[in-house]
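please find the sequence and the predicted model below.
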Amino acid sequence: MEGETVLCAASAYEQKFYMNPEFEALPESIRQELQIMCVLYTEDVGGVLMIVFDENGNLELQVDHEENDFSFDEIGSVLKIKELQQRKRELFESLEMFFRVFCLGEEIS
């Protein structure tokens, strides 16, 4: 795999959630937790939140917003991302391990 792989995303503009079908092997409870987290984020600060894996299997939270979206809370976004990274650290680490083993074919040491 080269480049980034989107795990899931939510958009305040389209009021939609997307889960990459390649990750249907994840437990339903994990998929629901990701959906709730992403949707609550976009409801709170607006814009688009994408959870992606880079080519090395590192999980990243990427935020985007339309240029003319004056309701997007940029400061709130940064704070919310930091909060999610702390509160959901164990989940994110588990997802990275899942991706590295099942998608990148790495051995568990």
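Here it is on my side, so go on.

so what's the residue count around the closest residue to residue 19 other than its chain neighbours?
Computed as Cβ to Cβ, 6 or more residues apart in numbering, the closest residue to residue 19 that is not its neighbour in sequence is residue 8, at 4.8 Å. Every residue, glycine included, has its C-beta placed from N, CA and C. By the criterion of other Cβ atoms under 10 Å, residue 8 has 19 neighbours.

residue 87 now?
11.

residues touching it, list them.
By Cβ atoms under 8 Å, 6 or more residues apart in numbering, the contact set of residue 87 is empty.

excluding its backbone neighbours, what's nearest residue 62?
Nearest residue to residue 62, sequence neighbours excluded (Cβ to Cβ, 6+ apart): residue 50, at 4.6 Å.

and the helix or strand that residue 93 is a member of, what's buried?
Using DSSP states H and E, the element containing residue 93 is helix 89-102. By neighbour count with 16 or more other Cβ atoms under 10 Å, helix 89-102 contains the buried residues 92, 95, 98-100.

follow-up on the earlier one: pretty sure the residue nearest to residue 19 is touching residue 17, no?
Yes: assessed by Cβ atoms under 8 Å, residue 8 is found in contact with residue 17 at 7.0 Å.

what residues are shared contacts of these two?
35, 38.

nearest to residue 24, of the buried residues of helix 89-102?
Proximity of these to residue 24 (Cβ to Cβ) peaks at residue 98, which lies at 12.4 Å.
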